[in-house]
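> Here is my input; please provide its structure:
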Amino acid sequence: MIAGKVIEVCSTYNHGRFLPAMIDAAFSAERPPDWLVVTDDASTDNSREILSRAAAANPRLLVRFNDHNRGALANVEAMLAEIDCDYVVLRSADDRDGRQLVAHAVTQLDAHPDAAFYGADAAYYVDDSGSLVPEPAGLPGPARFVTPDRFTGDFGGNMIHGAAVVFRLGALRAIGGFPAVLAWHSDWFTILRLAFTHGFVYEPITGAEIYLDSGSYNSTGTRSLERATAVYRAMLEILRREPVLRTRFREHAVFDLMGDRFRTFVATFENGAFADLCDRWTAPEIVAARRLIGIHAVVRDALRRHRAAITAASVLYVYGAGRHTEIMLECLTELGLRRPDAVIVTNPEGTKPLQGLPLIALSTCPRIDNVILLISSKSYEEEMRRLAAQALPHARILTVWSRCRS
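Numbering: from 1, shown residues only. Next up is the predicted model:
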């Protein structure tokens, strides 16, 4: 058994190039973890060499090497079973601890024994340029305990990112840990369940620096319709068994952020028995909360930076027809900026129009001088930017999350 006050656990696969920075961030923090336990899931890159060398230099780094690939959640479950601590951090290999995360979490969780976790803000990066895009999970102010009843009012339509969370291990174990059937959705689902059961401490500091990658576990999983459908079905089954939790999730409007595929599935699953889970996005209290924080705040800040270019453009397009684009349209209106001339999509077939704007296929977009193309997507923005640059070499592409590409 590995014992300490704070332990971090990390499952990694073929992320060798990120490991040195992740390890350095953990142990150079204001208050390092007592142990960092890393399981390499049979990587085929140079991860073993990097981890072996790092472990030899740092006695607080414990490394496990799998002889075959077991999957991230299985590795996390095994590591959680062998630790004994007050607080635990789940760290992805391509993410980095915020310098104050553990120190502040220990102080706050010791002071609030009823809190199931400590949550902070996340900042995002796409390369090694040092450019970070911060996303405020909640409103500014000092650290505070958020009760289950206040969570939706203060954070409605938004979540705390798992990379910026320090869990109370006892509370996590009491609910059975992370449901394996939810795969890449297990972390945020568990965070919300704990928030609605016990409450948590929130502090608006940078708790983690997160790498945005279209090849991540989350992004690749959602691309498979079969895998995604199985996870959605499992999620709804959990909510069926826990009606109070279902009500809380619906009130929080968390499912409205999950994209068209999920909303389409919910609308048809069991003749729409769960369709009400996605009907809160425009509720006044949700709109009031989400417009101050989260994605909305990041998009609004980016559009302010791009105001001059948007104003001077002969033609303004937005790329994509998902929730991020809906938020962008809301922010353009809020800031008194012009309405886009059209929405560019990869495949218009089956795509629902947004606010009556014309849909144009990326492959058939006309060549026009002085075109501005706006893109916002956490997981796919870099991929979308590359596709747009190939199809529209004449356009100026302005992004939100990959600030260094703007």
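
> Every contact and neighbour count from this point should use C-alpha atoms.
OK.

> contacting residues around the residue nearest the centre of the chain?
Residue closest to the average C-alpha location in the chain (Cα atoms, centre = their mean): residue 161, at 5.3 Å. With contact set as Cα atoms under 8 Å, 6 or more residues apart in numbering, residue 161 has these partners: 119, 121, 122, 137, 188.

> Of the residues you listed, which belong to strands?
In strands, judged by DSSP state E, the following of the contacts of residue 161 are found: 119, 121, 122.

> Do you have the strands of the stretch 251-400 of the chain handy? List them.
315-319, 342-345, 359-361, 371-375, 396-399 (DSSP state E, counting those that start in this stretch).

> Please identify the most buried of the ones you listed.
Of the strands of the stretch 251-400 of the chain, the one with the most neighbours on average (mean count of other Cα atoms under 10 Å) is strand 371-375, at a mean of 24.

> Could you list every helix and strand in contact with that strand?
Here strand 371-375 touches strand 315-319, helix 381-391, strand 396-399, going by 3 or more Cα pairs under 8 Å, 6 or more residues apart in numbering; DSSP states H and E.

> now the first one and strand 371-375, what's the angle there?
Going back to what we said before, that points to strand 315-319. Calculated by axes from the mean of the first three to the mean of the last three Cα atoms, to 10 degrees, strand 315-319 forms an angle of 20 degrees with strand 371-375.

> distance between strand 315-319 and the chain's centre?
Taking Cα atoms, centre = their mean, to the nearest Å, the mean C-alpha location of strand 315-319 is offset from the chain mean by 25 Å.

> can you list contacts of it?
Strand 315-319 is contacted from outside by 310, 325, 339-345, 368, 370-376, using Cα under 8 Å, 6+ apart.

> Which helix or strand contains residue 114?
Secondary structure from DSSP states H and E places residue 114 outside every helix and strand.

> quick one: low-confidence parts of the protein?
Low-confidence segments of the chain, defined by pLDDT under 70: 214-223, 403-406.

> Check it for its longest helix and report it.
helix 225-241 (DSSP state H).

> May I see the buried residues of that one?
228, 229, 231, 232, 234, 235, 236, 239 (16 or more other Cα atoms under 10 Å).

> Next, format the residues you listed as JSON lines and append distance to residue 62.
Output for the buried residues of helix 225-241, formatted as JSON lines (distance: Cα to Cα, whole Å):
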{"residue": "228", "distance to residue 62": "33"}
{"residue": "229", "distance to residue 62": "36"}
{"residue": "231", "distance to residue 62": "32"}
{"residue": "232", "distance to residue 62": "35"}
{"residue": "234", "distance to residue 62": "34"}
{"residue": "235", "distance to residue 62": "33"}
{"residue": "236", "distance to residue 62": "37"}
{"residue": "239", "distance to residue 62": "37"}
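
> Between those, which sits nearest residue 65?
residue 231 (27.9 Å; Cα to Cα).

> now the helices: where do they sit in the stretch 1-150 of the chain?
Taking DSSP state H, counting those that start in this stretch, the helices of the stretch 1-150 of the chain run over residues 19-27, 47-57, 72-81, 101-111, 148-155.

> Show the contacting residues for residue 21.
Contact partners of residue 21, counting by Cα under 8 Å, 6+ apart, are residue 96.

> My error: substitute residue 94 in the last question.
15, 18, 19, 22, 210, 211.

> now these as JSON lines including neighbour count and distance to residue 89?
Shown next, in JSON lines, are these (neighbours: other Cα atoms under 10 Å; distance: Cα to Cα, whole Å):
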{"residue": "15", "neighbour count": "18", "distance to residue 89": "19"}
{"residue": "18", "neighbour count": "17", "distance to residue 89": "18"}
{"residue": "19", "neighbour count": "22", "distance to residue 89": "16"}
{"residue": "22", "neighbour count": "19", "distance to residue 89": "13"}
{"residue": "210", "neighbour count": "24", "distance to residue 89": "14"}
{"residue": "211", "neighbour count": "22", "distance to residue 89": "17"}
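
> re the thing from before, which stretch among the helices of the stretch 1-150 of the chain comes nearest residue 293?
That would be helix 148-155 among the helices of the stretch 1-150 of the chain, by Cα to Cα, at 7.8 Å.

> So which of the ones in strands among the contacts of residue 161 wins on neighbours?
residue 119 (30 neighbours; other Cα atoms under 10 Å).

> What about the closest residue in space to that residue that isn't next to it in sequence, how many residues nearby?
With Cα to Cα, 6 or more residues apart in numbering as the criterion, residue 119 has its nearest non-adjacent residue at 4.5 Å, and that residue is residue 165. Per other Cα under 10 Å, the neighbour tally for residue 165 reads 27.

> The one 4 residues further on too?
Summarising burial for residue 169: neighbours were counted as other Cα under 10 Å, giving 21.
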